[in-house]
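Trainee: Turn this into a structure:
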Amino acid sequence: MPTGQIRKALSGFYYVYDQGELIQTRARGVFRKRGQSPLVGDFVTYTFDGENDGVVTEIAERKNELVRPPIANVDQALLVFSATEPDFNVHLLDRFITVIEGYAVDPVIIITKMDLLSPEQEAGVRQEALYYEKIGYSVIYTSIGDADLTQQLNPMLVDQVSVLAGQSGVGKSTMLNTLLPELALKTGEISMALGRGKHTTRHVELIEVGGGLLADTPGFSTFELDHIEKEELGSCFIEMRELSCKFRGCLHLKEPGCAVKEAVEEQTIAQHRYDHYLQFLQEIMDRKPRY
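Mentor: Below is the predicted model of the structure:
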């Protein structure tokens with residue numbers, strides 16, 4: 001049976017990419033009975049039903065799945081933050097990174113509107129971002145509508161399924177327009193009263209760009225930690241997961257022989273990162289039990 005990848009979902013149809021062609025398919029009824037639904041990004045087996053149409057018969061095991069946008073098997077998230085309007089915010093950045101790491105997706109940090117900063121402000125933003133580069137994340141600095149962004153980003157897109165995410169009003173739609181000019185997304189002005197942008201919802205499609213695939217809609221409209229358990233939180237912090245604590249399942253609170261607390265004292269883990277870890281841990285522990 002032929003296999004391919006769902007590149008677009010629209011009005012109950014799934015468009016499966018197979019050897020350079022898009023095959024229009026529907027899903028078997030059995031998926032509904034199982035409470036399953038094919039997602040863009042899924043690798044599927046399908047059969048032909050008539051000359052051009054097909055039926056999805058099997059969905060391969062997923063590496064991960066996101067809710068917004070509804071997409072599976074994502075490799076990386078391009079996290080878009082602005083240097084100003086709204087101001088660069090490491091607390092929000094750490095929340096976004098934690099949520100994305102919890103989905104087993106690699107973050108790439110993109111800081112826009114650098115051209116709006118004074119030299120002193122620019123130095124401050126770069127200093128804050130330097131820590132994230134040191135712990136292993138890619139950081140890209142750019143301006144809204146910067147034509148060079150494509151050259152900077154394309155090497156990172158090769159062989160990756162990427163989604164765009166980040167704060168509202170930071171220029172995600174403009175960035176999508178730069179990377180995928182054929183989209184001509186409506187860019188929303190910042191709503192000054194709310195301090196966040198207006199966004200439009202669309203169907204999800206994976207579009208080839210830079211030797212990889214990019215979702216054509218910004219995602220992650222909420223950044224809750226619902227999918228992360230307290231024992232998993234440490235592994236969502238890249239500089240913590242390499243460390244071996246004395247006790248298995250250490251929550252890095254008051255346990256003796258905690259390598260994370262030692263690293264914070266030695267300043268190899270930034271204090272703000274540990275503080276945010278503690279805040280997120282408390283949030284998870286305060287969560288109502290799910291049955």
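Trainee: Setting aside sequence neighbours, what's the nearest residue to Tyr103?
Mentor: Excluding its sequence neighbours, the residue lying closest to Tyr103 (Cβ to Cβ, 6 or more residues apart in numbering) is Asn64, at 4.9 Å. All C-beta spots, glycine's among them, are computed from the backbone N, C-alpha and C.
Trainee: got the contact list for that neighbour?
Mentor: 72-74, 103-105 (Cβ atoms under 8 Å, 6 or more residues apart in numbering).
Trainee: phi, psi of it?
Mentor: Backbone torsions of Asn64, given as degrees, to the nearest 10, read phi -170, psi 170.
Trainee: my guess is Thr178 contacts Thr150, does it?
Mentor: Yes: Thr178 lies in contact with Thr150 (Cβ atoms under 8 Å); the separation is 6.4 Å.
Trainee: Compare those two (neighbour count), which wins?
Mentor: More neighbours surround Thr178 than the other of Thr178 and Thr150, with 19 against 16 (other Cβ atoms under 10 Å).
Trainee: so the more buried one sits in a helix?
Mentor: Yes: checked against DSSP: H, G, I helix; E, B strand; the rest coil, Thr178 lies within a helix.
Trainee: could you measure it against Pro38, distance?
Mentor: According to Cβ to Cβ, to the nearest Å, Thr178 stands 30 Å off from Pro38.
Trainee: One more: Asp146?
Mentor: 36 Å.
Trainee: Compare these two and say which one has the larger neighbour count.
Mentor: With neighbours defined as other Cβ under 10 Å, Asp146 and Pro38 compare such that Pro38 has more, 22 against 19.
Trainee: Arg28 is in contact with the more buried one, correct?
Mentor: No: using Cβ under 8 Å as the test, Pro38 is too far from Arg28 to be in contact (9.5 Å).
Trainee: Now for those two: what residues contact both?
Mentor: Joint contacts of Pro38 and Arg28 (Cβ under 8 Å, 6+ apart) are Val56.
Trainee: Near the residue nearest to Leu206 when sequence neighbours are not counted, how many other residues are there?
Mentor: Nearest non-adjacent residue to Leu206, counting by Cβ to Cβ, 6+ apart: Leu213, 4.2 Å away. Using other Cβ under 10 Å, Leu213 has 26 neighbouring residues.
Trainee: Which secondary structure state does Leu213 sit in?
Mentor: strand.
Trainee: Does Glu224 touch Val99 like I think?
Mentor: Yes: with contact defined as Cβ under 8 Å, Glu224 counts as touching Val99 (7.4 Å).
Trainee: Of the two, give the one with the bigger neighbour count.
Mentor: More neighbours surround Val99 than the other of Glu224 and Val99, with 23 against 12 (other Cβ under 10 Å).
Trainee: Next up, phi/psi of Asp106, please.
Mentor: Backbone torsions for Asp106, taken as degrees, to the nearest 10, come to phi -90, psi 130.
Trainee: which one is it nearest to, not counting chain neighbours?
Mentor: Gln76 (4.4 Å).
Trainee: picking up where we left off before, quick check: pLDDT value at the residue nearest to Tyr103.
Mentor: pLDDT recorded at Asn64 is 95.
Trainee: ok, now Ala184?
Mentor: Note on Ala184: pLDDT of 62.
Trainee: which SS state does Ser173 fall under?
Mentor: helix.
Trainee: Check it and give its pLDDT.
Mentor: In this model, Ser173 carries a pLDDT of 78.
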